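A.B. asks: Fold the following for me, if possible:
(2 chains, ligands or ions: 2)
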Amino acid sequence: MKIAVCIKRVPDSEARIKVAADGKAIDETGVKFVLNPYDEYAVEEALKLKEGAGAGEVVVVSIGPDAAQETIRTALAMGADTGVLLKADAVGLDPLPVAKVLAAELKDGGYDLVLFGKMAIDDSSHGVGPMVAELLGLPCVSAVAHLEISDRTGKAEREIEGGVEVVEFGLPAVITADKGLNEPRYPALRGIMMAKKKPLEVKDAALEPGGIEVVRLSPPAERKAGRIVGEGPDAVSALVEALRNEAKVL
Amino acid sequence: MANVIAVLEQREGALKRVSHEALTAARGLADALGGEAHALIVGPAGIDAGDAATYGADKTFMAADDALRLYQADRYAQIAAAQVGAGDYAAVLVPATALGKDLAPRIAAKLGCPLAADVTSVTHEGGVVVTRPVFAGKANYTLRITAQRCVVSLRPNAVMPAEATRSPAVEAVAGASGDKAAVAKTLEIKQPERAAQDVAEAAVVVAGGRGLKDAESFKLIEDLADAVGGAVGASRAVVDAGWRPHAEQVGQTGKVVSPNLYFAIGISGAIQHLAGIRTAKTIVAVNKDPDAPIFKVADYGIVGDLFEIVPRLTEEIRRAKEG
Ligand SMILES: Cc1cc2nc3c(=O)[nH]c(=O)nc-3n(C[C@H](O)[C@H](O)[C@H](O)COP(=O)(O)OP(=O)(O)OC[C@H]3O[C@@H](n4cnc5c(N)ncnc54)[C@H](O)[C@@H]3O)c2cc1C
Ligand SMILES: Nc1ncnc2c1ncn2[C@@H]1O[C@H](COP(=O)(O)O)[C@@H](O)[C@H]1O
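C.D. replies: Ligands and ions are numbered 1, 2, ... in the order given. Sure, this is the predicted structure:
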């Protein structure tokens, strides 16, 4: 089983987000970057499938700045075999150019499965995985929370509004991972040591500019200051009154 | 003159509320562009196209085939891309639901155009301009599309559906064939035991947190949700504890919600939870800790024991609704 996992370096979910001086991007000073949490599920699933098959190879691929080598090393420390960094200092907000570069890299790789996170927690496009599948002409199931593969066919479950969709497909295929798919392992010390010696190829990514231009990045609208209506059950009447006549939402 | 097309979502043969929202946004954008708003309905035979005309569609294209009752990604994408490719469209609007989030990037890839996902507004100022919450709601991008054409997915509840009746013009379009070997096939939708409204789409959400103490106490939350006609939501702490299903989780690793009214009951208001409710219109918090961070974002708060407050609230809301 040869599996590729596409991973992205993103600001940690707890990072404070400040807008940079140009008003178009985030100020990265002091921001901790991590492996995108949904991509951790994808890496874990690839490792489990390889272990289950008893043989195979897991390749992680990332488009990003030099610092994304660290992100790749994290996945290697979890147990992936090799890494590829497609170097690009700035990755824009249009997911299509990213998908094109990844599709070109993966095209002739002979992969049985290509795994993604369901979304990157920074730009949350939810786009790159299904786009790569389209570009490669592969079947794809996105936001998968349960996956079974046997005999080159797979069955995936994904959560939809008010239910769970069950989808069947044949390999090779593209899957994007949702929370619930598995519990990602923590890299063990041994893994971290071994990761340092695993192959990591670095080459330039020829990203097209894409069709989306940033007008501005702004902090979220401040919520107007709310108020404590009161204490204890006696405040309920005042709350209901405010919801009906002030906020007009009841 | 460029037009706008909304790809509508149906379930069991009826258009969903998110489809009305997408049509309303499409109507608004088409008016700004001086073009027409069109609708594309993919689904089983028998869907009422008049429903699309009511929300502003000048023309509705129907790909009706009982084999399209469930979401078949490859065929839906093929049909949509063919339809868009055949017309003069500046934008394709898709609801940002589980279906739309999967379909939108496929259409964009087939057309070779940009995707702006999960937007909360779409306008026209020297090009299509959208706003999108990013970094889990900690910032908003305002983006301009520089391409001739784009695909935009619209966050549920971001746009209020508005009626704008047009005369219904319906045109049948071919459903793509599904016999390519490579495609994935949706077999079924497994329904939960209790068919419930989805938190991401509901206009009112009543969410409970660890303050409820155990799974049984969520009865209080369900009762309040019943009284207000809303969906039940949950914090991650209670989902991790196994009290509630993940489908109900609100927040960064759960669902992002934009209801008119959000109740946070016994929820502290951790940053990852707040990430999911930033675009809620009115937030009500009940918490015994006056310093709980949830009070910093709540429009209305009551400090106190939820076990005393919530039953009273349910009762008073029931009474107010009757009266
Ligand atoms: C990467 C990451 C992602 C995460 N994603 C999410 C997410 O998507 N969604 C999410 O919700 N969390 C998420 N979290 C977890 C988040 O940090 C919090 O741990 C979680 O939201 C806390 O849930 P809670 O408010 O129910 O529990 P607590 O923080 O324990 O709060 C319980 C609250 O109940 C109040 N209370 C207790 N008893 C009563 C009573 N009798 N009456 C009234 N009030 C009472 C307490 O004062 C307290 O404020 C994430 C964390 C990480 C690290
Ligand atoms: N720059 C990137 N390099 C590699 N993979 C990426 C990159 N951006 C996105 N992805 C993959 O695509 C998924 C969806 O990202 P997005 O469409 O940006 O929300 C992520 O979870 C990754 O698996």
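
A.B. asks: for chain A, longest helix please?
C.D. replies: As assigned by DSSP state H, the longest helix anywhere in chain A is helix A:37-53.

A.B. asks: Give the partner strands of the next helix-or-strand element following that one in its sheet and their orientations.
C.D. replies: Sequence-wise, the next helix or strand downstream of helix A:37-53 (DSSP states H and E) is strand A:57-64. According to DSSP bridges, strand A:57-64 forms sheet pairs with strand A:2-6 (parallel), strand A:82-87 (parallel).

A.B. asks: Which one of the ones you listed lies nearest to ligand 1?
C.D. replies: strand A:2-6 (19.4 Å; Cβ to the nearest ligand atom). Quick note: C-beta positions are derived from backbone N, CA and C, even for glycine.

A.B. asks: Show residues contacting the closest one.
C.D. replies: Residues external to strand A:2-6 that are found in contact with it (Cβ atoms under 8 Å, 6 or more residues apart in numbering or on different chains): A:39, A:42-43, A:46, A:49-50, A:56-62, A:75, A:80, A:102, A:106, A:109-116, A:128-129, A:132.

A.B. asks: Quick check on those: which are buried?
C.D. replies: Among the contacts of strand A:2-6, those classed as buried by 16 or more other Cβ atoms under 10 Å in any protein chain shown are A:39, A:42-43, A:46, A:49-50, A:56-62, A:75, A:80, A:102, A:106, A:111-116, A:128-129, A:132.

A.B. asks: near ligand 2, anything from stretch A:212-230?
C.D. replies: No - figure legend: stretch A:212-230 not in contact with ligand 2 (Cβ under 6 Å from any ligand atom); closest approach 12.2 Å.

A.B. asks: Would you mind measuring the gap between the ends of that stretch?
C.D. replies: Between the opening and closing residues of stretch A:212-230 there is a gap of 47 Å (Cα to Cα, to the nearest Å).

A.B. asks: What's the first helix or strand after the strand of greatest length in chain A?
C.D. replies: Ranked by number of residues, the top strand in chain A under DSSP state E is strand A:140-150. On the C-terminal side of strand A:140-150, the closest following helix or strand by DSSP H and E is strand A:153-160.

A.B. asks: partners of that following strand in the sheet?
C.D. replies: Counting by DSSP bridges, the strands paired with strand A:153-160 are strand A:140-150 (antiparallel), strand A:163-170 (antiparallel).

A.B. asks: list the contacts for whatever residue of chain A ends up closest to chain B?
C.D. replies: As assessed by Cβ to the nearest Cβ, chain B sits closest to residue A:211 within chain A, at 3.1 Å. When contacts are counted by Cβ under 8 Å, 6+ apart, residue A:211 touches A:94, A:96, B:113, B:114, B:145, B:146, B:147, B:150.

A.B. asks: closest to ligand 1 among the residues you listed?
C.D. replies: Looking across the contacts of residue A:211 and measuring by Cβ to the nearest ligand atom, the closest to ligand 1 is residue A:94, at 26.4 Å.

A.B. asks: on that earlier part again, and the longest helix of chain A, how far out from the chain's middle?
C.D. replies: 13 Å (Cα atoms, centre = their mean, to the nearest Å).

A.B. asks: pLDDT (mean, whole number) over it?
C.D. replies: Across helix A:37-53, pLDDT averages out at 97.

A.B. asks: Now do that helix: everything it contacts.
C.D. replies: When contacts are defined by Cβ under 8 Å, 6+ apart, helix A:37-53 is touched by residues A:1, A:3, A:5-8, A:13, A:35, A:56-58, A:60, A:75, A:78-80, A:113, A:115-121, A:147, A:149, A:175-179, A:181-185, B:253.

A.B. asks: Whichever residue of chain A sits closest to ligand 1: neighbour count?
C.D. replies: Ranked by Cβ to the nearest ligand atom, the top residue of chain A for proximity to ligand 1 is residue A:13, at 4.4 Å. By other Cβ atoms under 10 Å in any protein chain shown, the residues close to residue A:13 number 19.
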